[in-house]
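Q: kindly generate the corresponding structure for this input.
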Amino acid sequence: MTCARSDIYWRDAAYNAVSRMPGSVNAAAAYLTKRRGAAIKGESLRKKLRGLEGESLSMEMMEMLTDWMVEQAAGTSVATDWILSLAAQFNLTIDHVPVAPDAVADEIAAIRDKLLHVSKFCGQLSAVALDVLQDEKVTLEEADRMLDALQDLRSMCHRIERNLRKALKKSRARA
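A: Numbering: from 1, shown residues only. Now for the predicted structure:
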């Protein structure tokens with residue numbers, strides 16, 4: 001029987017992320033063995049990621065695993081999803097914001113374009129929320145879907161903020 005894993009919980013998010021990487025937990029264990037100079041087997045790492053009784057995962061190991069996953073995930077946010085879950089445990093909200101392109105010729109046009117995307121994300125959030133709340137209960141899978149929609153919306157808002165700051169900076173430079 002498999003355990004239901006949700007990115008709501010940081011350990012599950014970390015386990016899910018490592019499992020999605022090429023070679024999964026065994027490749028992660030091999031990486032940690034090489035990087036730390038201390039052997040760890042795949043099954044031992046799996047127990048630590050799951051938080052089984054008597055097993056723990058140090059922050060240093062999670063940092064190393066995250067570095068490895070960032071390399072493996074080629075720019076996707078899956079490697080750092082666990083950090084979002086950990087922050088939420090302590091009533092903090094952080095979001096993935098893609099790296100800005102080197103140069104945007106027209107920041108105002110970029111803001112306008114992103115505002116249209118915000119409308120799209122609001123519609124997606126509404127559709128997901130209506131489905132989730134219809135039976136007046138929220139399952140783990142439904143919560144994951146709704147959180148994904150919320151994070152997409154917030155990420156786009158952060159990108160608009162970045163464009164706005166750049167537009168202001170350009171305006172001041174011309175004045």
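
Q: and this structure, what are its domains?
A: Split into domains by automatic domain parsing, the chain comes to 10-89, 107-174.

Q: any idea which of those is most buried?
A: domain 10-89 (a mean of 16; mean count of other C-beta atoms under 10 Å). From N, CA and C alone the C-beta is placed, and that goes for glycine too.

Q: pick out the residue closest to the middle of the protein.
A: In the chain, the C-alpha nearest the mean C-alpha coordinate belongs to residue 81, at 2.8 Å (C-alpha atoms, centre = their mean).

Q: pull the contacting residues for it.
A: 7, 13, 16, 17 (C-beta atoms under 8 Å, 6 or more residues apart in numbering).

Q: touching, the third one and residue 7? I think so.
A: What it means is residue 16. Yes - with contact defined as C-beta atoms under 8 Å, residue 16 reaches residue 7; the gap is 6.4 Å.

Q: secondary structure element for residue 110?
A: helix 107-133 (DSSP states H and E).

Q: who are the packing partners of that helix?
A: Counting contacts by 3 or more C-beta pairs under 8 Å, 6 or more residues apart in numbering; DSSP states H and E, helix 107-133 packs against helix 140-174.

Q: same question for the helix it packs on, mean pLDDT?
A: Averaged across helix 140-174, the pLDDT comes to 92.

Q: same deal with stretch 64-83?
A: 91.

Q: do the same with stretch 127-136
A: The average pLDDT within stretch 127-136 is 93.

Q: and it, how far out from the chain's middle?
A: 23 Å (C-alpha atoms, centre = their mean, to the nearest Å).

Q: equivalent analysis for stretch 19-26, please.
A: For stretch 19-26 - counting by C-alpha atoms, centre = their mean - the centre lies 17 Å from the chain centre.

Q: on that earlier part again, how near is the residue nearest to the centre of the chain to residue 164?
A: 27 Å (C-beta to C-beta, to the nearest Å).

Q: can you check residue 80 too?
A: In terms of C-beta to C-beta, residue 80 sits 25 Å off from residue 164.

Q: next one: residue 145
A: From residue 145 to residue 164 the distance is 30 Å (C-beta to C-beta).

Q: next one: residue 142
A: The gap separating residue 142 from residue 164 is 33 Å, by C-beta to C-beta.

Q: again with residue 134
A: 37 Å.

Q: and residue 53, by the same measure?
A: For residue 53, the distance to residue 164 - C-beta to C-beta - is 49 Å.

Q: spatially nearest residue to residue 143 (excluding sequence neighbours)?
A: Spatially, and ignoring its direct neighbours in sequence, residue 143 is nearest to residue 8 (5.8 Å; C-beta to C-beta, 6 or more residues apart in numbering).

Q: ditto for residue 62
A: residue 14 is the one closest to residue 62 (C-beta to C-beta, 6+ apart), at 6.6 Å.

Q: with that, I have no additional questions.
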